[in-house]
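**Q** the sequence and its predicted three-dimensional model are supplied below.
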Amino acid sequence: YKTTWGSGAFVDQQFDTEATVVKLLREAGAVLVAKLATGELAAGDRWFGGRTNSPWDPKDGSSGSSADSVDVAVENSAPSSDPATGGSDGSTSPVPTYPDSFLAGPAGANTILAAKQPGALLGVWIGGSGTTREQQWQRFLTREQQLGRPLDVFGTHYGAPAGTCYNVAPFTGGYEQLAWEHGAYALVSWTPSATLDQIMAGQFDACYRDVAARFQAFAHPVFLRTMWEFNGSWYPWSYGGDSAKFVAAWRRIVGIFRAQGATNVNFVWAPAEGWYRSDAPKSYQAYPGDAYVDWVASDGYNWFTSSAWCGAMDHPHAGWCQFEEIFHGSLQATKSVELDFRGRKPYMVAETGSVEDAATPGRKGEWFRNARDAIKARFPGLMALVYFDQDLTTGEGVNWSLETSPSALDGFRDLAQDAYFRTLE
């Protein structure tokens, strides 16, 4: 009998003995309905990557000693009028099942997965030059109010000056904990400013042990996107086409986190989408393996410039790029991260954004609606979408913010309100 005690440390525990009451009930043909266990620390309402619902009102989460075996149904057990999840007559949808490979990574049973399928988690990166983490958190809450719904993913980044582990250590300030208590998963982007050779030489092992201990102490499921966009040329950890070296470095990092007991960490492997196609198959060969990755992801933007290209590799174009052209290559899909790992690992768009078209008011808002429709129709492997909601006019001369115009915010609100992107309610 599987007996987890609600704790990640005992997620695979099984007992070979039976209690006398179980034997007697079986002989009598009876069923025991009882509270069997409480969860580890009883902190928050999300255990094992899903939320526990209150038996008295399934719309609410349940934590503390009331979050027992009676109400451990994940959130999609609540009645729904969405055809994808249930009927207006109060019928409920079954808990989704996922391929074994989804749970084969470092996080195992702590892998973050939505309790409703089809559908995708939705989040934003809030920040920008000169903003404090407190300001970012407050803007995150403001964005939820503007969208009229809670967000599922709180994106946060920790930088590192050249040759260092970090400028500010991950989890400083406790905003990941605030996100957890608020009902959102933290997506942490952090990598020391190190080359693959330095990592492989062990020069940053102490750094990784330090940060792994911080993740382990957090104790809740959390995303870690590390060495992102490695297949580009703009970061110290660029692989330079050496897939084997990247894989070895990644596995070394995962090994350090495992040794620290940080089994709550969901490792996100995230190449740059455009370069994933242009340098194929090297980017694909840099995949560290199912046992070392929990989620796959990619980044891509609508820059709307003459130097930023999108579309199919045999006839790419510059200018305005729709979401589908960025992440599938074209309506006639070519090689992409989502396609390559569909059904093998959950896929996340970890960064995306669009600028405005000054000559066509409302075009950015339509970009979001088109993205919504494309994701629902042709991206079954996409299980999380995180928008880069930042104004980088100062420094980079580009503004990805959702508030570049009222119509842009309206377009994203239409996406956010769609039942497909409301998998944790």
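**A** Looks like it arrived, so ask away. Numbers count the residues shown, from 1 in each chain.

**Q** could you give the number of residues near Ala219?
**A** 17 (other CB atoms under 10 Å). C-betas here are computed from N, CA, C, even on glycine.

**Q** separation between it and Ser354?
**A** Taking CB to CB, to the nearest Å as the measure, Ala219 and Ser354 are separated by 36 Å.

**Q** equivalent analysis for Pro150, please.
**A** Taken as CB to CB, the span from Pro150 to Ser354 is 23 Å.

**Q** looking at those two, which is more packed in?
**A** Applying other CB under 10 Å to Pro150 and Ser354 shows that Ser354 carries more neighbours, namely 29 against 14.

**Q** so the more buried one sits against Lys364, correct?
**A** Yes. Judged on CB atoms under 8 Å, Ser354 makes contact with Lys364 at a distance of 5.2 Å.

**Q** which residues are common contacts for these two?
**A** Ala408 (CB atoms under 8 Å, 6 or more residues apart in numbering).

**Q** wasn't Ser401 part of a strand?
**A** No. Ser401 sits outside any strand when classified using DSSP: H, G, I helix; E, B strand; the rest coil, being coil.

**Q** grab the nearest non-local neighbour of it.
**A** For Ser401, the nearest residue in space outside its immediate sequence neighbours is Asp391; the separation is 4.4 Å by CB to CB, 6 or more residues apart in numbering.

**Q** next: Thr164.
**A** Leaving aside its chain neighbours, Thr164 sits nearest to Ser193 (5.8 Å; criterion: CB to CB, 6+ apart).

**Q** model confidence score at that neighbour, please.
**A** At Ser193, the predicted lDDT confidence score is 97.

**Q** that one: neighbour count?
**A** Neighbouring residues of Ser193 were enumerated by other CB under 10 Å; the total is 18.

**Q** list the contacts for it?
**A** The contact partners of Ser193, by CB under 8 Å, 6+ apart, come to Ala160, Pro161, Ala162, Gly163, Thr164, Pro236.

**Q** same check on Leu402?
**A** In this structure, Leu402 makes contact with Val124, Arg143, Gln146, Tyr387, Asp389, Ala408, Leu409, Phe412, judged by CB under 8 Å, 6+ apart.

**Q** check the gap between the residue lying closest to Val398 once chain neighbours are set aside and Tyr158 for me.
**A** Take Val398 and drop its neighbours on the chain: the residue closest to it by CB to CB, 6+ apart is Leu392, 5.3 Å away. As for Leu392, its distance to Tyr158 is 18 Å (criterion: CB to CB).

**Q** of the two, who's got more company?
**A** The residue with more neighbours, out of Leu392 and Tyr158, is Tyr158; 19 against 16, by other CB under 10 Å.
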